[in-house]
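Peer 1: Fold the following.
(2 chains)
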Amino acid sequence: MKWRLAFLLALALPDLPLDPFRGGLAASFWHPLGVDDLGRDALLRLLLAGARSVGFASACALLALGLALFLAWHGRRWRGALSALRSLPPVLFLLPLAAAAGGIGATALLLLLGLLLAPHLEPPLRVKLDAFRQSPAWAAERTLGATPASTLRRWAPWGLAQAAVLFPSAWLGALWGEATLSTLGLGPGPDHDSLGRLLLEHLPRLATDPSPLGWGALILVLALAWSASGSASPKCE
Amino acid sequence: MRPMVQGAAIWLVALVLAWSLPGALWRPIPPPPFPTHALLPAGLAVSILALAAPLLAWLGGPRLASRRSLALLEAPPDLLWAGALLACWPASWGPPGQVGWLVAFLAAALPGEVRWLSAALPGEMPFPVAWGPEVVRRARRLALARLTTRWLAARLPIWLTASLVLERLLGVPGLGMDWMDRVVGRDRVGLAAWVAALALLWLLSRPLDAEAVS
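Peer 2: Residues are numbered from 1 along each chain as shown, chains lettered A, B, ... in the order given. I've put the predicted structure just below:
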């Protein structure tokens, strides 16, 4: 979880400088993957886009997990409503919405993905919190008249540890949600460089004009998928 | 009963939203025709998936759920399969078309579904393993027969999403694109029909949800 959270800093990194007069250079010693059409070093761009995608997904997963914790604790009465919300995959909802609106900005996408992923993370969290709620420790807290603040102070680390187990699933859901929208040209604009954006630019010509940047983006997507495959439960599509 | 009412209320709100979808096209055009040509490939894909996934889960049993190789196959997103297909498809063969879509769809969906079904199968140690392989096979068959209908209802929206992504990337119009086109084209009646179909799938998958909670 920690290495993914470190990538939140990548969201604050500046864009690479453009130099269109030096664009389209082949691979060389100084530019191992070449230079893209706008004069940016392809390797640097790949690393920056990957880091930003990971950072964006981490921010989104944090938001989704926070909401899921809230729903798991307070949303017992709304179990039926949450079940209905879970039955619609986030991307199936977001793609037509983005197409109708002509694209979604990065902040709006972060909020929407967080909102849509939270109901999917709520059931496993609820199972863990329910076990705690029915435990003697919780009953003792209430009987002895502990204040909500003291209860929160004592049990928040435990609750966060339970939520952290679900972080890889939330992270993968957010990562693929953003990548899918961007690859289909419906994600945030060109100012939000990401893996999806690279795939949007390079996938259509990968068969006829194979660029190292396109292949690099595909390999990075595979590496990120496999990095979480051991710890993530079913995909939150 | 109350969860059912709440869920029905959510779908009712979705239906009302679909019916009163805001916005209008600059130049109104008739709604796109339903892609009947895509029904056969979609039916074929769902049939293959509905036969192959339970068969593999029956052969492999609950152990498959923890198999590392299956997890690695399940992990990549749908877009990676489409991207890999586009990158490896010889240009001289023309566009990938429906065959490419079917291959990418099965590659994207099958590992995840086999793992999903295997994870849903009950444990086999110490029983029914102690009673012999024939009983194990029968227990798996009964569990899968009980699961299959609700598994299909619960997973169809996921497959529609995968189909939509692959259709857009491979340029093959199909059912996923139809759902999207109705929103973009502000076809409120068609969209309401889609929402009603998704609500029906939710209703059919409900017992599964209830069992998972208990």
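Peer 1: Going by C-alpha atoms from here, please, whenever you check contacts or count neighbours.
Peer 2: Noted.
Peer 1: can you map out the helices along the chain?
Peer 2: Going with chain A. Using DSSP state H, the helices of chain A run over A:2-6, A:42-74, A:79-86, A:90-101, A:106-133, A:136-143, A:148-165, A:167-183, A:195-202, A:212-228.
Peer 1: Actually, chain B is the one I wanted.
Peer 2: Going by DSSP H, chain B shows helices at B:2-19, B:39-60, B:68-74, B:78-88, B:97-120, B:133-170, B:175-184, B:188-213.
Peer 1: and the helix-or-strand element of chain A with minimal mean pLDDT, C-alpha only, in CSV?
Peer 2: In chain A, the helix or strand scored least confidently by mean pLDDT, DSSP states H and E is helix A:136-143, which has a mean of 80. C-alpha atoms of helix A:136-143 as CSV (Å, rounded to 0.1, in the frame of the first residue of the first chain):
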residue,chain,number,x,y,z
PRO,A,136,-17.3,-8.2,23.9
ALA,A,137,-14.8,-5.4,23.4
TRP,A,138,-17.3,-3.2,21.7
ALA,A,139,-20.0,-4.1,24.3
ALA,A,140,-17.6,-3.2,27.1
GLU,A,141,-16.8,0.1,25.5
ARG,A,142,-20.5,1.0,25.4
THR,A,143,-21.2,-0.3,28.9
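Peer 1: Next, format the helices of chain A as a markdown table and append mean neighbour count and distance to chain B.
Peer 2: Shown next, in a markdown table, are these (neighbours: other CA atoms under 10 Å in any protein chain shown; distance: least, CA to the nearest CA, whole Å):
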| stretch | mean neighbour count | distance to chain B |
| --- | --- | --- |
| helix A:2-6 | 13 | 17 |
| helix A:42-74 | 22 | 13 |
| helix A:79-86 | 22 | 4 |
| helix A:90-101 | 20 | 5 |
| helix A:106-133 | 20 | 7 |
| helix A:136-143 | 12 | 21 |
| helix A:148-165 | 13 | 17 |
| helix A:167-183 | 26 | 6 |
| helix A:195-202 | 25 | 8 |
| helix A:212-228 | 19 | 5 |
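Peer 1: From the centroid of chain A, which residue is nearest?
Peer 2: Nearest to the geometric centre of chain A sits residue A:57, at 2.1 Å (CA atoms, centre = their mean).
Peer 1: didn't that one look like it was pressed against residue A:172?
Peer 2: Yes: here residue A:57 reaches residue A:172: they are 7.4 Å apart, a contact under CA atoms under 8 Å.
Peer 1: Where does the record place the domain boundaries for chain B?
Peer 2: Following automatic domain parsing, one gets these domains for chain B: B:1-21+B:186-214, B:34-176.
Peer 1: and the closest residue in space to residue A:34 that isn't next to it in sequence, how many neighbours?
Peer 2: The spatially closest residue to residue A:34, leaving aside those adjacent along the chain, is residue A:27, at 3.7 Å (CA to CA, 6 or more residues apart in numbering or on different chains). When neighbours are counted by other CA atoms under 10 Å in any protein chain shown, residue A:27 registers 15.
Peer 1: and what of the one 5 residues further on?
Peer 2: When neighbours are counted by other CA under 10 Å, residue A:32 registers 14.
Peer 1: What's the separation between it and residue A:25?
Peer 2: From residue A:32 over to residue A:25 the distance is 11 Å, taken as CA to CA, to the nearest Å.
Peer 1: Likewise for residue A:214?
Peer 2: Distance from residue A:214 to residue A:25, counting by CA to CA: 15 Å.
Peer 1: Kindly report the same for residue A:73.
Peer 2: 55 Å.
Peer 1: same thing with residue B:116?
Peer 2: 46 Å.
Peer 1: which of the two has more neighbours?
Peer 2: Set side by side, residue B:116 and residue A:25 show more neighbours around residue B:116, with 21 against 16, by other CA under 10 Å.
Peer 1: Now do the same contact list for the closest residue to residue B:102 other than its chain neighbours.
Peer 2: Spatial nearest neighbour of residue B:102, excluding adjacent residues (CA to CA, 6+ apart): residue B:45 at 6.4 Å. Residues in contact with residue B:45 (CA atoms under 8 Å, 6 or more residues apart in numbering or on different chains) are B:102, B:105-106.
Peer 1: where does chain A dip in pLDDT?
Peer 2: The model of chain A has pLDDT under 70 over residues A:1, A:230-237.
Peer 1: So which residue is smack in the middle of chain B?
Peer 2: With distances taken as CA atoms, centre = their mean, residue B:159 lies nearest the centre of chain B, 2.4 Å away.
Peer 1: correct me, but residue A:59 touches residue A:6?
Peer 2: No: using CA under 8 Å, residue A:59 is not in contact with residue A:6; the gap is 10.4 Å.
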